[in-house]
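Participant: Sequence and predicted model, in that order:
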Amino acid sequence: MSAPPKTVLRATPQEEAAIRAAVRRAEGRTVAGAEHVQGLFDLLADPDVSDPIYDLPRPITLESIAQWVTDSEMLRQEGRCILAVSLDDQGKVAGYSRFTVWPDRASAELAGARRADLQNSGAGRQGLAKSVAWMFEILGVRLIGLTAGVDNIRSSKTIDGAGFKRMGEVESVRPDGAIRRSLYWELDRAEWVRTHRL
């Protein structure tokens, strides 16, 4: 289960409405639909891809992934979530990103994964940088919180490299109720603009 960032921001009513509208539009993203369920299942059935991710439906079955896609779309219509897919040259699902948004707090988090054969190519770092820019510039949030399992060294290095500030640990709750200790980071838009935007 996703949890909002530790730092509490308060959005103005206008800011909240603009963020919700931007989430509903999901400009520049391929929103996951029924046509992507099989591809997402194929991606996430690989434990090398799915095991490190705490907020996926468990167990991972075709039915649970279909429900996850449906639930995510309902949340998108409320302006609170985007489940997006990336496709390879053959049109197969190569990865996913799930943006969970708290419009009233102008905040968001991001989870995602790439197919095992596409990992360790440096594309994850580039993908995170692009997603962060998109969340700040297109969605209009002012704060992003991220987590990674305490033993997930690769994700930790990627998040550190993207300029996020480590802020201790949190307990992440999986949909099946299991608890995972997670490292926790935040990045606010002002800091991102200062250090990353050209």
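Facilitator: In hand now; what should we look at? Numbers count the residues shown, from 1 in each chain.
Participant: Tell me where the model's unsure across this protein.
Facilitator: The model of the chain has pLDDT under 70 over residues 1, 118-124, 197-198.
Participant: in it, which spans are strands?
Facilitator: Under the criterion DSSP state E, the chain carries strands at the ranges 30-31, 81-87, 93-102, 107-114, 143-149, 165-173, 179-188.
Participant: would you turn those strands into TSV with distance to residue 70 and mean neighbour count?
Facilitator: Placement of C-beta: from N, CA and C, glycine included. Listed next are these as TSV, based on distance: least, Cβ to Cβ, whole Å; neighbours: other Cβ atoms under 10 Å:
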stretch	distance to residue 70	mean neighbour count
strand 30-31	12	15
strand 81-87	10	21
strand 93-102	14	23
strand 107-114	18	22
strand 143-149	25	23
strand 165-173	21	14
strand 179-188	25	18
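Participant: want to throw those into JSON lines with distance to residue 50?
Facilitator: Formatted as JSON lines, the strands of the chain follow (distance: least, Cβ to Cβ, whole Å):
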{"stretch": "strand 30-31", "distance to residue 50": "20"}
{"stretch": "strand 81-87", "distance to residue 50": "15"}
{"stretch": "strand 93-102", "distance to residue 50": "10"}
{"stretch": "strand 107-114", "distance to residue 50": "7"}
{"stretch": "strand 143-149", "distance to residue 50": "12"}
{"stretch": "strand 165-173", "distance to residue 50": "15"}
{"stretch": "strand 179-188", "distance to residue 50": "13"}
